[in-house]
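> Fold the following.
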Amino acid sequence: MTGATGATDANLRSLRDRPFELLKELERRSRGSAASGAQDAADGREWVGIAFRMGGETFLVAREETREVLGYPAAVTRIPGAKSWVKGLANVRGQLLPMIDLRQFLGSGAAAVGRNTRVLVISSREIPAGLVVDEVFGFRRFGEAEFDADAPPTVIRCDSYLAGAFRRGGEVWPVLSLKSLVESQSFLQAAS
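Purely as a prediction, here's the structure:
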């Protein structure tokens with residue numbers, strides 16, 4: 001899914017050194033998005049999710065399935081005997097949080113930790129975890145009519161965790177269900 005979404009993100013990156021043009025482009029996009037979703041928002045039929053990138057693909061997770069978004073912690077302590085996709089434990093405001101490389105868990109290679117790397121903290125008391133992703137783009141709002149229950153094919157093998165997709169214009173945003181992810185047996189079997 002490197003089509004329209006990848007081109008759109010590349011367009012924004014190309015404006016990084018021209019802040020005025022970048023702000024104008026962001027304003028243009030937000031006005032277009034606000035106009036298309038205004039009626040759905042007024043009716044209360046708006047879906048809000050967090051957009052993120054894994055590899056060359058973009059995904060969404062439901063806002064209510066995430067507690068917060070963090071930068072990658074400076075100190076992550078490796079856990080002996082854990083699978084390779086468990087990066088370790090991080091102390092986040094006094095609580096230990098397991099760091100999970102989401103791409104590696106899904107079998108698509110390890111994520112390279114860099115400046116844009118973020119951690120999506122799952123909103124679950126029973127299974128606390130931070131999912132390491134390549135980049136987070138922020139909130140995305142969609143109207144009910146933009147949802148399609150059929151999940152599109154993705155390069156990253158995550159079909160069993162997809163809960164449909166939102167389509168707007170030429171863009172397709174697969175929705176990753178964190179609930180089905182953390183409840184899966186393969187996620188719960190973190191020991192080697």
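
> who's in contact with the spatially most central residue of the chain?
Centre of the chain computed as the mean C-alpha position; nearest residue by C-alpha atoms, centre = their mean is residue 52, 3.3 Å away. Residues near residue 52 by C-beta atoms under 8 Å, 6 or more residues apart in numbering: 58-61, 118, 120, 133-137. Bear in mind the C-beta positions are built from the backbone N, C-alpha and C, glycine included.

> Buried ones from the residues you listed, can you make that a ChimeraX selection?
Filtering the contacts of residue 52 down to the buried ones (16 or more other C-beta atoms under 10 Å) takes a single ChimeraX command:
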select :58,59,60,61,118,120,133,134,136,137
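
> Out of the contacts of residue 52, which is nearest to residue 76?
residue 118 (13.9 Å; C-beta to C-beta).

> Give me the distance between that closest one and residue 134.
Using C-beta to C-beta, to the nearest Å, one obtains 8 Å as the distance from residue 118 to residue 134.

> can you give me the strands in this protein?
In the chain, the strands defined using DSSP state E lie at 46-54, 57-62, 66-71, 86-92, 95-101, 118-122, 130-133, 135-143, 147-148, 162-168, 171-176.

> Tell me which strands the shortest one pairs with, and in which orientation.
Using DSSP bridges, the strands paired with strand 147-148 in its sheet are strand 162-168 (antiparallel).

> What lies in contact with the strand it pairs with?
By C-beta under 8 Å, 6+ apart, the surrounding residues in contact with strand 162-168 are 36, 47, 49, 60, 140, 142, 146-152, 154, 172-177, 180.

> Can I get the contacts of residue 52 in a markdown table including pLDDT and distance to residue 70?
Compiled in a markdown table, the contacts of residue 52 are given as follows (pLDDT from 0 to 100; distance: C-beta to C-beta, whole Å):
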| residue | pLDDT | distance to residue 70 |
| --- | --- | --- |
| 58 | 94 | 19 |
| 59 | 96 | 18 |
| 60 | 96 | 18 |
| 61 | 97 | 14 |
| 118 | 97 | 7 |
| 120 | 96 | 8 |
| 133 | 96 | 11 |
| 134 | 95 | 14 |
| 135 | 95 | 13 |
| 136 | 97 | 10 |
| 137 | 95 | 15 |
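
> pLDDT below threshold where in the chain?
Applying pLDDT under 70 to the chain flags the ranges 1-10, 31-44.

> Please name the bridge partners of residue 82.
residue 191.
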